[in-house]
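**Student:** predicted model follows, preceded by the sequence.
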Amino acid sequence: MSANLAQPAIVNFAPQPHSVELREVPVPAIGPEDVLLEVAAVGVCGSDLHQWTAEHSWPVNYPVILGHEFAGRVARLGSAVKKFKEGDRVCSETAAIIDPDSPMSRIGKYNLDPNRKGFGYGVDGAMTQSVRVPARCLHRVPDKLPLNIAALTEPCCVAFSAVASNAQILPGDRVLVLGPGPIGLLCGAIAALRGAEVAVAGLARDATRLKIAQELGCEAIDISQVDAWARQRDGLGCEGVVDAAGVSPTLKTAIEVVRPNGWISKVGWGKAPLNFSIDPLVQKNVTLQGSFSHTWAIWERVLVLLASGALQVDKVVGGRWPLEQWEVAFETMHSGQIAKAVLEVKAE
């Protein structure tokens, strides 16, 4: 492919609501340490929807091609890339730009580098036919794992970070997940894999997503049942709570129902103020843990779980559309009819 060629791309071009459209853009040039990745499939994330509706709380480098959950094949190699070859099946991490000399990068936590910029908001993402990717971001996809499933490695890694890396779960613990979006559902699935008794809570309009929670080995409950579920063993609450919704009321609920010396993993984003006291965190000696992004080792573990079938991310997918039908995919997911949409760009 040549940088002189054009390709279709889903571009977020301004901060106003619904400033997203399908445009023709140049095929990107690559540097010596990059690859040009031919996109097979790209997942639609809640953050893509938030940029589409202008409800996001992070800076965006307009105009930018959306999409950070993706997999495909290596189409072209930069001159310094030695560990991959053309045709390799790969998926990509999201940290498109990092400072390798920052203190966080030097200790392996490049996901927390303050200079980090991700695909789909900081640099052009993968809702297109080909994307420039630093080779350090790539992971080989196991042969038996389809690329349209491997494209969803990234949200699985977000969930793994929230409940396996940033939370301590012992077999038999009770873990409550607030918010049955894709990340909440995957958090529930991974907590269940760790031996926890898991409930995913949502509203009446979340019926479709709560059914998926049951298919992933979790109990599905209405938000009104949360307190009773959390306290049914000894009245003290549950060992852990995952706030996957991000809004103030869910954090307040989490603080109320977690047991003394328990933990809360906050993975959901929200820009609303708290407007309530967090003193119960002190009184109950509770750990409130933020969870953001992921690292190389997490990706390698999650790919093993996906390839083995232990983590069935395909159950979260409610529909697949070609790139040209992106708006149908966005609207269907945003309406709550499905938990997860996937755009299929090139069949494997």
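**Tutor:** Here it is on my side, so go on. Everything numeric here is computed off the predicted structure, so don't read it as measured data.
**Student:** host element of Ile10?
**Tutor:** Here Ile10 sits within strand 6-12, counting by DSSP states H and E.
**Student:** typo on my end, it should be Ala213
**Tutor:** helix 207-215.
**Student:** got the CA coordinates for that helix in CSV?
**Tutor:** Provided in CSV are the C-alpha atoms of helix 207-215 (Å, rounded to 0.1, in the frame of the first residue of the first chain):
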residue,chain,number,x,y,z
ALA,A,207,-32.3,-7.1,30.4
THR,A,208,-30.4,-8.2,27.3
ARG,A,209,-27.1,-7.5,28.9
LEU,A,210,-28.0,-9.2,32.2
LYS,A,211,-28.9,-12.3,30.2
ILE,A,212,-25.4,-12.3,28.9
ALA,A,213,-24.1,-12.1,32.5
GLN,A,214,-25.9,-15.3,33.2
GLU,A,215,-24.3,-17.0,30.2
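**Student:** how far does the strand holding Ile10 sit from the chain's center?
**Tutor:** Remark: strand 6-12 is offset 22 Å from the chain centroid, using C-alpha atoms, centre = their mean, to the nearest Å.
**Student:** who touches that strand?
**Tutor:** Residues from elsewhere that reach strand 6-12 (C-beta atoms under 8 Å, 6 or more residues apart in numbering): 19-27, 51-52, 60, 62-67, 124, 127-130, 323-324, 326. C-beta: built from backbone N, CA, C; applies to glycine.
**Student:** mind running it again at 6 Å?
**Tutor:** Identification of contacts with strand 6-12 by C-beta atoms under 6 Å, 6 or more residues apart in numbering yields 20, 22-25, 27, 51, 63-66, 127-129, 326.
**Student:** so what are the sheet partners of the helix or strand that that strand is followed by and their directions?
**Tutor:** Downstream of strand 6-12, the first helix or strand assigned by DSSP H and E is strand 20-26. Looking at strand 20-26 with DSSP bridges, its partner strands are strand 6-12 (antiparallel).
**Student:** buried ones in the strand it pairs with?
**Tutor:** Residues of strand 6-12 classed as buried by neighbour count (16 or more other C-beta atoms under 10 Å): Gln7, Pro8, Ala9, Ile10, Val11, Asn12.
**Student:** out of these, who's nearest Ala41?
**Tutor:** Ile10 (13.6 Å; C-beta to C-beta).
**Student:** low-confidence bits of the stretch 1-150 of the chain, can you list those?
**Tutor:** Residue ranges of the stretch 1-150 of the chain with pLDDT under 70: 1-4.
**Student:** what segments of it are helices?
**Tutor:** 46-53, 103-106, 147-150 (DSSP state H, counting those that start in this stretch).
**Student:** identify the residues contacting the last one?
**Tutor:** Residues from elsewhere that reach helix 147-150, judged by C-beta under 6 Å, 6+ apart: Ala40, Ala41, Ala71, Cys91, Val141, Asp314, Glu348.
**Student:** what sits closest to the fourth one if chain neighbours are left out?
**Tutor:** Excluding its sequence neighbours, the residue lying closest to Cys91 (C-beta to C-beta, 6 or more residues apart in numbering) is Ala71, at 3.9 Å.
**Student:** and for Ala310?
**Tutor:** Distance criterion C-beta to C-beta, 6+ apart; nearest residue to Ala310, sequence neighbours excluded, is Leu193 at 6.3 Å.
**Student:** what's the local residue count around that neighbour?
**Tutor:** Around Leu193 there are 18 other residues, counting by other C-beta atoms under 10 Å.
**Student:** next: Asn115.
**Tutor:** So Asn115, with other C-beta under 10 Å, has 14 neighbours.
**Student:** wait, Lys340 sits on Ile183?
**Tutor:** No: if you go by C-beta atoms under 6 Å, Lys340 and Ile183 don't touch, sitting 10.0 Å apart.
**Student:** can you select the buried ones from the contacts of strand 6-12 in ChimeraX?
**Tutor:** Filtering the contacts of strand 6-12 down to the buried ones (16+ other C-beta under 10 Å) takes a single ChimeraX command:
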select :20,22,25,27,51,63,64,65,66,127,128,129,326
